[in-house]
Every structure is written in structure tokens, then in C-alpha cells.
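Asks: Let me see the structure of the following:
(one chain, ligands or ions: 1)
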Amino acid sequence: MLKIYNSLSNKIEEFKPIHENKVNMYVCGPTVYDDIHIGNGRPVVFFDVVKRYLQYLDYGVKYASNITDVDDKIIDRAQKLHITEKELATTYTNNFFEIAKKIGGYNFDVTPHATNYIEEMIKFIGELIADGFAYKTQSGVYFRVDKIKDYGILSNQQVKDLKTGVRIDLETDKEKDYDFALWKNTLDGIKYHAPWGDGRPGWHTECVVMTNEIFGGKIDIHGGGFDLKFPHHENEIAQSVAKHDHHLAKYWMHVGRLDLANEKMSKSLGNDIKLKDLVETYNPNAYRLMLLAHHYRAPIQFSDDLIEQYQKAYDKISYTLNKWHFHMILNNIDENGLDHESIKSFEEFMNDDFATPRVITLIDKLIKDLNKDFKAENYNTIILILNTLGLKPKIFEVLEEDIENYNNWQQARLEKNYEKADIYRKPLLDKGFI
Ligand SMILES: [Zn+2]
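Replies: Below you'll find the predicted structure:
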């Protein structure tokens, strides 16, 4: 039985989806004003693994990851670059999809763009106003936080503590400092027409509306980075409670931060590391392996040494698998059995709130065992586990010429013609077959 840590209850809970065998999952995606950082890739990788493992457990999964393509940051940057918000957002949306594919995390079923749901957001805000949960001012529309009894449930805060804790927004016409914007009236940048003034929706409204439009009700998993817990997710919950009388999702999952170990951290990549630059230098699988070697809720202190360590670990896995794959082809070994003991351990670790570090240790052990004593079932088990984690080492196809090179190499060795042997050996070494 899968158990996951629910940020809403702060407890490990048995995972029971709302509909049997079907899991609906929404993860907050990027605001597309720039390329994503190495830290932003962490939820992309982790929720990809969640989906893969749920599918491994035979659940059908519908996974939505949104694109926030209307936002102050987008407006600011577009103005600086003298292009439209749409042009800027399109560029960085495409860049996001490209990097998500590169790291094997483009596993979304739906990728809603906020700008495609403006009408629905206006309707939603209008209904909240009509029900007294929201109010209009000169500067926009705000949510009346005091109307929600359990506001603060996700971030474990009480409204009375927010009064001093929350940064006072520029808008001074709010009833309470901690009320948040559902709509911002704007003169500047891209704006949409609404009954209460031209402007654009607030970020917290975008996600709650899109979740409801896509899934038509309460979902199973709502995920995102740890930083989104407050105010973003708290405010999504508040609006959902106001409009739909539920907490939007049954399970809330938050992924820990990835920070640079120190400011002058990366000699080669600088302080501000974009994921696309990282995977130019390191294999995307090494990045994934590094993330999964840490528990998803734990923070990661990134450094050159850390990623290099996992690049080496990944190379070892890749090399070992290619070597034994070649061995299997060469010797016509065609067994598809599995090491059931290891599969049991794998499931036990994953069922324990996705304890991927323990799975990585298990893979390490299986790789060592394989190098000591080849067993096809160990090889098959490693491949199955790696696939479920989305780690896909490149297994080179064994060609006719590789077999010939191997046979010629062995023959030359028998003849003690070492110069000739080396010529046949080189291409096999290059492919990691021997
Ligand atoms: Zn969101």
C-alpha cells in the first residue's frame, strides 16, 4: 500500500484516490518569463516519478502542469525587451517544454495556459464577489480572508499571526493587509476586460480555476515546490473552500528546495544556473539521479562536486548495463526473469512516501552484484527499476560488426598479435561493451 506525506495533514497517509484506479494530479508549473533554474527542475522530475510509479501500480493517471503566461514579471520583461508579452511567454514556454523533454520530465497529459482560461476566471471571481467572499476596490478584486475559518491550514499559520508577518502590498485599498488579489486592475501591459475594471487575474486564481476546469472537482494530488505552500497554495485552498467547499486536493505534496551550496558555488556554470546549461555539461540522467538520491522533501545543497559525483555514479550504471547487454547478445542469453526479492524492496521503498534514496542504494547494490556474478534477472530488475524512475541509460544496439570485432579481437589474442587485437578492441571499448 502506497503511503504519502500529506502536507495538508502533516501526516503520512495511506494513498486512496477519490476514484478507484484513477489519479488526478495537478502540479504548479513555471511562470514563463525566463529559462528555468536547476531548482525548478526538481518538481518536474519528482512528479514525473510519481506518475510513473502510480502507473507501475496500475493506476490511470491524468497529470496537468500549468503555464503561467500572464504575470507582472512577464509584463516587465517584455517591456524591457520591447516585445509583446505573448512573444516572451511563447519563447519561454517552448524552452520549458524542451528542457522538460531533455530531462525526461515531459510527462504531462494537459498543460493549461492561464491566458486560455481568462473568461472562466472572470466568471469565478464574479461568483466570489456575489457570495461575499471577494470585494472590489479601485485597484482590483480581493479575497476576504476572514471569511475562511480554517485559513492557514496548509502553512500552519493563524490569521492573527499574518497581520504582521505578511509583506504589505502596494495596494492600500484592501480591507485587510492579508487579503489577496484575485484581479489586478492595470493600465500597463497586457490586460483583459472585466466588469470591475481592465486588468489581469491573480496567480492564485489561475491555478484554482484551471484545476477545476480540467478535472471538474476535487483532485487527488496537488503538487509543487515547497515555496508555493504559502501564500500560493494556501490561497488556492481558500478560494476552493469558498467556491466548492473542499480543499481542492485530497493530498498536497511539496518538493524541497534545491539551493546552491554557497554563492560562488559553480566554477564552470556561475551563480545563476539555468537547467539547460547544466545539461550541456552533465548528462540529464546524472541530474535526475542526483535529485532522486535525496528524499523529495529534503533540501539539496547543490555544488559541482555533488553533480560530478552523480555523473560518475550514472556512468558506472550505464557502463555496467552496456557491458552485460553485450554479453547477453553475444551469448544468446534471452531470459526475462526478475529478482523478486529486489522488486519487493523497490516497492517497499517507493510505497514509503517515495523513499527514492533507498532505491538508489538498492540499484547500487544490484550493479555491484552484477559485476561480481552475472545474472540476467539482476540485469532485468535494474532496467525495470530504472525505467520506473525515468532513468534511461543509453543501451547501445549490438551490431553485426560489434560481434565480428569481438571475435576478431579474441582470435588476435589467441594468435598473440596484440597490435591487431587492440585495433578490434578499441570500438568495443568506445561503446562500453567490454
Ligand atoms: Zn499554482
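
Asks: ok, whatever residue of the stretch 51-200 of the chain ends up closest to the ion - how many residues close by?
Replies: In the stretch 51-200 of the chain, the residue that lies nearest the ion is N66 (6.3 Å; Cβ to the ion). The way it works is simple: take the backbone N, C-alpha and C, and place the C-beta from them, glycine included. When counting by other Cβ atoms under 10 Å, one arrives at 23 neighbours for N66.

Asks: surely it meets T31?
Replies: No: using Cβ atoms under 8 Å, N66 is not in contact with T31; the gap is 9.9 Å.

Asks: and the helix or strand where H327 lies, what does it pack onto?
Replies: Following DSSP states H and E, one finds H327 within helix 304-330. Applying 3 or more Cβ pairs under 8 Å, 6 or more residues apart in numbering; DSSP states H and E, we find helix 304-330 packed against helix 284-292, helix 356-372, helix 376-388, helix 400-414.

Asks: who touches the third one?
Replies: Think helix 376-388. With contact meaning Cβ atoms under 8 Å, 6 or more residues apart in numbering, helix 376-388 is reached by 49, 52-53, 56, 317, 321, 324-325, 328, 333, 335-339, 342-343, 346, 350, 359, 362-363, 366-367, 369-370, 392-393.

Asks: Drop anything exposed from those.
Replies: Neighbour-count burial (16 or more other Cβ atoms under 10 Å) applied to the contacts of helix 376-388 gives 49, 52-53, 56, 317, 321, 324-325, 328, 338-339, 342-343, 346, 350, 359, 362-363, 366-367, 370, 393.

Asks: Which single residue of the stretch 1-150 of the chain approaches the ion most closely?
Replies: C28 (3.2 Å).

Asks: for the stretch 201-350 of the chain, same thing?
Replies: For the stretch 201-350 of the chain, Cβ to the ion, closest residue to the ion: C207, 3.1 Å.

Asks: Now do the SS call for the closest residue to that residue other than its chain neighbours.
Replies: Among residues not flanking C207 along the chain, E236 sits closest, at 5.4 Å (Cβ to Cβ, 6 or more residues apart in numbering). Here E236 is helix, with the state taken from DSSP: H, G, I helix; E, B strand; the rest coil.

Asks: got a list of what E236 touches?
Replies: Per Cβ under 8 Å, 6+ apart, neighbours of E236: H204, C207, V208, T211, H222, L248.

Asks: before we move on, back to that, the residue of the stretch 1-150 of the chain closest to the ion and L228 touch, don't they?
Replies: Yes: between C28 and L228 there is a contact at 5.6 Å, judged by Cβ under 8 Å.

Asks: how many other residues sit next to F97?
Replies: So F97, with other Cβ under 10 Å, has 14 neighbours.

Asks: What helix or strand is it located in?
Replies: Applying DSSP H and E, one finds F97 within helix 85-102.

Asks: Remind me what that helix packs against, helices and strands.
Replies: Using 3+ Cβ pairs under 8 Å, 6+ apart, helix 85-102 is in contact with helix 72-81, helix 275-281.

Asks: list the buried ones in it?
Replies: In helix 85-102, the ones that count as buried by 16+ other Cβ under 10 Å are E85, L88, A89, T91, Y92, T93, N95, F96, I99, A100, K102.

Asks: so the second one makes contact with Q79?
Replies: It stands for L88. No: contact between L88 and Q79 fails when scored by Cβ under 8 Å: they sit 9.5 Å apart.

Asks: What pLDDT does the model give the residue of the stretch 51-200 of the chain closest to the ion?
Replies: Per-residue pLDDT puts N66 at 98.

Asks: What values do phi and psi take at it?
Replies: N66 adopts backbone torsions of phi -90, psi 160, taken as degrees, to the nearest 10.

Asks: separation between it and I219?
Replies: 13 Å (Cβ to Cβ, to the nearest Å).

Asks: what's the burial count for R42?
Replies: When neighbours are counted by other Cβ under 10 Å, R42 comes out with 25.

Asks: Next: D259.
Replies: 13.

Asks: Stretch 273-280: which residues count as buried?
Replies: Buried, per 16+ other Cβ under 10 Å, within stretch 273-280: I273, K274, L275, K276, D277, L278, V279.

Asks: Closest one of those residues to L154?
Replies: L275 (27.4 Å; Cβ to Cβ).

Asks: ok, now how distant is the closest one from N95?
Replies: 10 Å.

Asks: Overlap in contacts, the two.
Replies: D35.

Asks: Now the closest residue to F326 other than its chain neighbours: which helix or strand?
Replies: Once flanking residues are discounted, F326 sits nearest to F433: 3.8 Å by Cβ to Cβ, 6+ apart. Secondary structure assignment for F433, by DSSP H and E: no helix or strand.

Asks: Hmm, F433 is touching L399, no?
Replies: No: applying Cβ under 8 Å, one finds F433 not in contact with L399, separated by 10.4 Å.

Asks: Same drill for these two, tell me which one is more crowded.
Replies: When F433 and L399 are compared for neighbours, F433 comes out ahead with 23 against 12, by other Cβ under 10 Å.

Asks: so what's the more buried one up against?
Replies: So F433 contacts N322, K323, F326, F396, V398, D402, Y406 (Cβ under 8 Å, 6+ apart).

Asks: Would you list the buried entries among these?
Replies: N322, K323, F326, F396, V398, D402, Y406.

Asks: residue contacts, the first one?
Replies: If I follow you right, that is N322. By Cβ under 8 Å, 6+ apart, the contact set of N322 is P393, I395, F396, K431, G432, F433.

Asks: rewinding a little: Throw the contacts of E236 into JSON lines and include secondary structure, thanks.
Replies: What follows is the contacts of E236, written out as JSON lines (three-state DSSP):
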{"residue": "H204", "secondary structure": "helix"}
{"residue": "C207", "secondary structure": "helix"}
{"residue": "V208", "secondary structure": "helix"}
{"residue": "T211", "secondary structure": "helix"}
{"residue": "H222", "secondary structure": "strand"}
{"residue": "L248", "secondary structure": "coil"}
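
Asks: Filter these down to the buried ones, ChimeraX style.
Replies: Burial among those is assessed by 16+ other Cβ under 10 Å; the matching ChimeraX selection reads:
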select :204,207,208,211,222,248
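
Asks: Sounds good, over and out.
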